[in-house]
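Student: curious how this folds, go ahead:
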Amino acid sequence: MHGLRQLPLRVTGILGNEDIVNTYFLVGGGEALLVDTGRNAETDSQLILDTWRELGEPQVQAIILTHAHPDHIGAAATLREQWHAPVGMHPADEIILERLGVDLRPDFLLDDNQELDTPMGTATVIHTPGHSPGHVCLHFEGSGLLISGDQ
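Tutor: Next up is the predicted model:
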C-alpha cells in the first residue's frame with residue numbers, strides 16, 4: 001500500500017462521553033510513519049499493530065505526536081518499544097507530559113517549518129499552538145493534505 005491510512009480509535013472523553021481520535025499511517029516503499037497513538041496503551045496499541053500488520057508490516061520510521069494530550073500519546077511508549085521507532089513532538093508540550101506524570105520523553109523535537117521526509121513525500125511541520133502549547137500539523141504541499149491532530 002502507498003498513501004494514507006486513517007485509523008479511528010474510540011476514546012472516552014474527559015466528560016465521560018465516547019469520542020473518536022484518529023491515528024494515521026503514512027505508507028510507501030515498505031516504510032511507514034505513524035501520527036498519534038490513541039489513549040490506551042494496551043487496546044489502542046493492539047489495534048494499531050493489527051493495522052500495521054494489514055499494511056504488510058512496513059518499517060516504521062518514526063512516531064509523530066501532534067500534541068501531548070492523553071488521547072494522542074497513550075500507546076506511544078509501547079509502540080516505540082515494539083518498533084524501535086523514535087518519537088517526535090514539539091518541545092512546548094513537554095510541560096504537559098510532566099504535569100500528567102507521563103514517563104515519555106521525545107527522541108527528537110519538531111520545529112515550526114521543519115521539513116520531514118516521510119513515505120508520502122516531504123511534510124512541513126506547522127506549529128499551531130492553542131489546543132496545546134506545542135500542537136503541530138503536518139502539511140504536504142504537493143497534495144494539499146493537512147494532518148491536524150485536534151484543532
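Student: so where's this protein shaky on pLDDT?
Tutor: 1, 13-14, 151 (pLDDT under 70).
Student: can you pull out the strands in it?
Tutor: Per DSSP state E, the chain carries strands over the ranges 3-12, 18-28, 31-35, 59-64, 87-89, 108-109, 115-118, 121-127, 136-140, 145-147.
Student: any idea which of those strands is most buried?
Tutor: Taking mean count of other Cβ atoms under 10 Å as the contact definition, the stretch among these with the greatest mean neighbour count is strand 31-35, which reaches a mean of 24. For the C-beta atoms, the positions are set from N, CA and C on the backbone; glycine is no exception.
Student: what's across from the residue lying closest to Arg80 once chain neighbours are set aside in the sheet?
Tutor: The shortest distance from Arg80 to any residue that is not its chain neighbour, by Cβ to Cβ, 6 or more residues apart in numbering, is 5.3 Å, and that residue is Val87. Residues found in beta-bridge contact with Val87 (criterion: DSSP bridges) are Ile63.
Student: go ahead and confirm Val87 touches Val102.
Tutor: No: using Cβ atoms under 8 Å, Val87 makes no contact with Val102, being 11.7 Å away.
Student: save the strands of the chain as a markdown table, and put in distance to Glu42 too.
Tutor: Conversion of the strands of the chain to a markdown table gives the following (distance: least, Cβ to Cβ, whole Å):
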| stretch | distance to Glu42 |
| --- | --- |
| strand 3-12 | 12 |
| strand 18-28 | 15 |
| strand 31-35 | 17 |
| strand 59-64 | 17 |
| strand 87-89 | 18 |
| strand 108-109 | 26 |
| strand 115-118 | 27 |
| strand 121-127 | 29 |
| strand 136-140 | 26 |
| strand 145-147 | 25 |
